[in-house]
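A.B. asks: task: produce atomic coordinates for the following.
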Amino acid sequence: MPSDIQLSSAPFIERLNQAALQTAMDRLRVKPHLDFIDWAPLHIRNPDGTPFRFRPTQLQVAKDLFNPNLYSVTLKAYSGMGKTYLIGAAFAYAIEQLGLLVGAMMPNKVLVEDWINDELQKVFDATPVMASLGLSRDIRGQKLFTNGAELHGVGANSSGLIRRLQVDVMYSDEIDAIEQTATDEGDKLGQFEKRGRGRKTQHMWRTSYPSMKGASKIDAKYDETDRCAWFVVCPKCDHQYTLHTSQMIWTPGRPDTAHLICPGCGTKINESQRLQMAGAGQYLTRKKEPLKLGGLHRGFHVGCLAHTGDHNNAYGEGFLHEVAAEREAADKAENPEKSKRVFVNTMDAESYAEDVESKPEADSLYDKREAWSEPDPFVELPPGVLMITMGVDVQKDRLEAMIVGWGANSESWLLSYRALHGSPQSQKTWNQLDRLRLKKFKHPLTSQPMPVVCVFVDSGHWTTDIYQYTRPRLRQGVFACKGSRTLSCPLMSNKPTKQGRPPALLYEVGTHEAKDLIYQRLEFTPPAGKDYPMGYIHIPANEEFGETAGGEATGFFEMLLAEDSQMKRCTKTGEFVRFFDCPKGTRNEALDCFVYAMAAARKMNPNFERIAENLGK
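C.D. replies: This next block holds a predicted model:
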């Protein structure tokens with residue numbers, strides 16, 4: 001055979017080899033003998049070894065996940081609906097029965113890898129048909145199975161990995177927590193959902209809690225679907241409707257008395273009836289029409305009152321009472337707006353329509369100052385003050401310090417605001433702070449003067465000098481602190497870290513949480529009577545809180561109201577929180593000092609009822 005013919009045959013032989021390899025892989029892909037809804041209860045095992053069971057609200061979703069007539073399935077559901085549980089079982093089916101290439105995307109790489117290797121792997125290990133399936137590659141973000149199936153996990157922040165994906169199943173979770181930046185190469189969700197282009201089999205699934213109204217990605221995707229919801233029927237009037245927490249009523253303080261009101265006839269519905277109604281419900285379109293077999297895009301919305309699973313018995317006989325307790329706790333929370341956001345997002349599975357943010361004007365806040373019986377708190381405190389803390393902000397040429405009194409019902413009194421001039425590298429400056437810190441206040445209900453019990457000093461800069469000041473004063477309640485920019489950081493960290501040698505204690509402060517509380521409370525209006533709203537902030541009408549408080553030309557109230565905020569979703573917790581930012585060149589020391597004084601009070605965790613009793617003795 002001529003040598004040139006041999007060479008020209010090489011590409012043909014290579015194509016034959018590739019075709020043979022593809023044929024072998026196709027034969028390895030096991031065609032299902034059962035549909036997913038039949039296969040999962042037979043084969044999937046929970047991590048505790050019990051058989052998998054579909055809940056009523058999961059069954060239709062499960063049918064449509066592998067419906068060849070649908071291009072996408074979008075699910076926005078309450079926390080506890082079992083979407084992770086359901087998707088995990090669907091992944092097992094796609095891998096073991098269909099031999100598909102499966103891709104999962106979450107807001108970041110850590111989240112998706114933790115989900116695959118912790119939650120999903122537990123299901124795989126407990127399920128015999130998955131546990132016996134061999135792996136040719138197993139790393140945190142990728143699993144290649146010997147039957148040809150693949151599992152890939154990517155973060156929305158990994159554009160390079162997304163571009164290289166080729167998958168049959170595209171699952172994106174918590175899409176409302178995906179952050180888009182100016183440098184991103186197009187929409188991240190859109191990029192991921194193109195990874196099935198050209199594949200013979202394509203299944204696109206999306207799940208998420210909703211976020212803020214008008215900015216929710218899951219809302220936007222759901223609105224592109226046939227918009228199905230879980231409908232129930234009233235046992236008395238046969239009215240067909242969706243259950244909602246707005247239909248709950250109960251005696252305040254008694255969530256165990258909660259029941260529902262039918263919007264059609266006003267009949268009271270107890271927990272037993274709700275459970276029966278929820279269990280017998282069905283998904284219909286918003287026009288109350290049955291679901292069509294096709295239609296390309298299917299969307300499901302289900303709120304918490306359709307729940308038929310486990311519940312916390314501490315609040316009454318059923319889940320309805322648990323929900324009522326959560327709603328009541330949200331209304332009474334220290335940060336009620338944040339708690340209500342979480343409740344609406346995770347329990348109603350709805351986006352939150354926040355009130356338009358409107359910080360009070362500096363002039364209006366100035367006008368709300370109160371004429372105390374004794375204008376100078378050092379001469380005599382307001383009787384409601386039960387504990388005193390201090391927050392200190394450190395600047396290159398001065399210290400700014402705020403002393404705050406705290407009482408029952410989360411009320412606070414601004415007692416003093418001082419600018420102590422001098423370099424933080426000078427001992428004379430810290431001596432000024434000591435003189436202010438060690439002053440004691442006369443309380444009208446006791447002969448014992450009241451001291452400042454806890455001081456937080458910001459250590460964002462000049463850390464060595466601040467540690468030198470706080471280290472020997474730890475037993476006097478003086479600590480270094482540092483504001484955290486992390487959205488999920490609580491107002492007050494549980495344990496300090498040790499810094500330097502010898503060690504100084506450093507507390508991390510959740511500045512966003514604290515500023516959110518402060519700005520909400522500054523909105524409160526004085527009551528006509530004696531009962532102030534929970535968390536009310538009292539400001540005295542004296543010179544320390546006058547137009548020139550804080551020194552120089554910037555007034556105290558301008559500093560207190562210096563920052564603006566926007567809603568951002570925390571990828572760690574899924575909650576939407578306010579993110580605060582100070583415009584460049586704007587003074588905000590008064591706000592920062594208040595934050596540190598609030599964190600100091602939170603560290604003390606006082607029992608105000610007991611303190612009040614002891615004052616009267």
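A.B. asks: who touches residue 500 in this structure?
C.D. replies: 464, 467, 471 (C-beta atoms under 8 Å, 6 or more residues apart in numbering). For every residue, glycine as well, the C-beta is placed using N, CA and C.
A.B. asks: mind checking how far it is from residue 391?
C.D. replies: Computed as C-beta to C-beta, to the nearest Å, the residue 500 to residue 391 distance reads 22 Å.
A.B. asks: before we move on, what about residue 219?
C.D. replies: Taking C-beta to C-beta, one finds residue 219 at 40 Å from residue 391.
A.B. asks: with residue 45 instead?
C.D. replies: For residue 45, the distance to residue 391 - C-beta to C-beta - is 54 Å.
A.B. asks: more neighbours: which of residue 219 and residue 391?
C.D. replies: residue 391 (30 against 20; other C-beta atoms under 10 Å).
A.B. asks: checking the more buried one next. Helix, strand or coil?
C.D. replies: strand (DSSP: H, G, I helix; E, B strand; the rest coil).
A.B. asks: tell me the pLDDT of it.
C.D. replies: Note for residue 391: predicted pLDDT of 97.
A.B. asks: point out where the stretch 201-350 of the chain drops to low pLDDT.
C.D. replies: Flagging of the stretch 201-350 of the chain using pLDDT under 70 yields the residue ranges 311-316.
A.B. asks: show me the helices in it, by range?
C.D. replies: Here the stretch 201-350 of the chain has its helices, by DSSP state H, counting those that start in this stretch, at 217-223, 271-279, 319-332, 336-346.
A.B. asks: export these as CSV, with columns for distance to residue 504.
C.D. replies: Below are those laid out as CSV (distance: least, C-beta to C-beta, whole Å):
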stretch, distance to residue 504
helix 217-223, 44
helix 271-279, 54
helix 319-332, 37
helix 336-346, 32
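A.B. asks: which one of these lies nearest to residue 387?
C.D. replies: Relative to residue 387, the nearest member of the helices of the stretch 201-350 of the chain by C-beta to C-beta is helix 319-332, separated by 21.1 Å.
A.B. asks: phi and psi next, for residue 209.
C.D. replies: The phi/psi pair for residue 209 (degrees, to the nearest 10) reads phi -70, psi 150.
A.B. asks: neighbours around the residue nearest to it when sequence neighbours are not counted, how many?
C.D. replies: In space, and not counting its chain neighbours, residue 209 is closest to residue 345: 4.8 Å by C-beta to C-beta, 6 or more residues apart in numbering. By the other C-beta under 10 Å criterion, the neighbourhood of residue 345 contains 26 residues.
A.B. asks: cool, residue 179 as well?
C.D. replies: Going by other C-beta under 10 Å, the residues that sit close to residue 179 add up to 13.
A.B. asks: and residue 362, by the same measure?
C.D. replies: 17.
A.B. asks: who's in contact with it?
C.D. replies: By C-beta under 8 Å, 6+ apart, the residues touching residue 362 are 555, 557-558, 560-561.
A.B. asks: which among those gets closest to residue 402?
C.D. replies: Using C-beta to C-beta, the contacts of residue 362 come closest to residue 402 at residue 560, 9.8 Å.
A.B. asks: SS state for the nearest residue to the closest one once chain neighbours are set aside?
C.D. replies: Counting by C-beta to C-beta, 6+ apart, residue 590 is the residue found nearest to residue 560 once chain neighbours are left out, at 4.5 Å. Residue 590 carries the three-state label helix when classified by three-state DSSP.
A.B. asks: residue 590 touches residue 391, doesn't it?
C.D. replies: No. Counting by C-beta atoms under 8 Å, residue 590 stays clear of residue 391, with 9.7 Å between them.
A.B. asks: who touches both of these two?
C.D. replies: Contacts common to residue 590 and residue 391, judged by C-beta under 8 Å, 6+ apart, are residue 402.
A.B. asks: pLDDT averaged over stretch 169-184, what's the number?
C.D. replies: Across stretch 169-184, pLDDT averages out at 79.
A.B. asks: Throw the contacts of residue 500 into JSON lines and include neighbour count, secondary structure and pLDDT, thanks.
C.D. replies: Listed next are the contacts of residue 500 as JSON lines, based on neighbours: other C-beta atoms under 10 Å; DSSP: H, G, I helix; E, B strand; the rest coil; pLDDT from 0 to 100:
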{"residue": "464", "neighbour count": "13", "secondary structure": "helix", "pLDDT": "90"}
{"residue": "467", "neighbour count": "20", "secondary structure": "helix", "pLDDT": "93"}
{"residue": "471", "neighbour count": "17", "secondary structure": "helix", "pLDDT": "93"}
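A.B. asks: which among those residues gets closest to residue 606?
C.D. replies: residue 471 (24.9 Å).
A.B. asks: list the contacts for the closest residue to that closest one other than its chain neighbours?
C.D. replies: Nearest non-adjacent residue to residue 471, counting by C-beta to C-beta, 6+ apart: residue 504, 4.3 Å away. Residues near residue 504 by C-beta under 8 Å, 6+ apart: 467, 470-471, 474, 480, 498.
A.B. asks: buried sites along stretch 123-142?
C.D. replies: 123-124, 126-127, 129-130, 133, 141 (16 or more other C-beta atoms under 10 Å).
A.B. asks: equivalent analysis for stretch 407-423, please.
C.D. replies: Buried, per 16+ other C-beta under 10 Å, within stretch 407-423: 407, 410-420, 422.
A.B. asks: the residue nearest to residue 209 and residue 304, how far apart?
C.D. replies: Noted for residue 345: a distance of 11 Å to residue 304, by C-beta to C-beta.
A.B. asks: ok, now residue 222?
C.D. replies: Remark: distance between residue 222 and residue 304 (C-beta to C-beta) = 17 Å.
A.B. asks: excluding chain neighbours, what is closest to residue 217?
C.D. replies: residue 175 (4.7 Å).
A.B. asks: neighbours around that neighbour, how many?
C.D. replies: Per other C-beta under 10 Å, the neighbour tally for residue 175 reads 25.
A.B. asks: now do the same contact list for it.
C.D. replies: Residues in contact with residue 175 (C-beta under 8 Å, 6+ apart) are 189, 206-208, 217-218, 221.
A.B. asks: could you dump those into JSON lines and include neighbour count and distance to residue 516?
C.D. replies: Shown next, in JSON lines, are those (neighbours: other C-beta atoms under 10 Å; distance: C-beta to C-beta, whole Å):
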{"residue": "189", "neighbour count": "19", "distance to residue 516": "28"}
{"residue": "206", "neighbour count": "25", "distance to residue 516": "29"}
{"residue": "207", "neighbour count": "22", "distance to residue 516": "28"}
{"residue": "208", "neighbour count": "28", "distance to residue 516": "23"}
{"residue": "217", "neighbour count": "21", "distance to residue 516": "23"}
{"residue": "218", "neighbour count": "25", "distance to residue 516": "24"}
{"residue": "221", "neighbour count": "23", "distance to residue 516": "29"}
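A.B. asks: and those residues, which two are the farthest apart?
C.D. replies: Most distant of the contacts of residue 175, by C-beta to C-beta, are 189 and 207, 12.2 Å apart.
A.B. asks: residue contacts, residue 296?
C.D. replies: By C-beta under 8 Å, 6+ apart, the contact list for residue 296 reads 70-72.
A.B. asks: I'd assumed residue 210 was in contact with the residue nearest to residue 209.
C.D. replies: Yes. Contact criterion C-beta under 8 Å: residue 345 and residue 210 qualify, at 5.8 Å.
A.B. asks: find residues that contact each of the two.
C.D. replies: Common neighbours of residue 345 and residue 210 (C-beta under 8 Å, 6+ apart) are 351-352.
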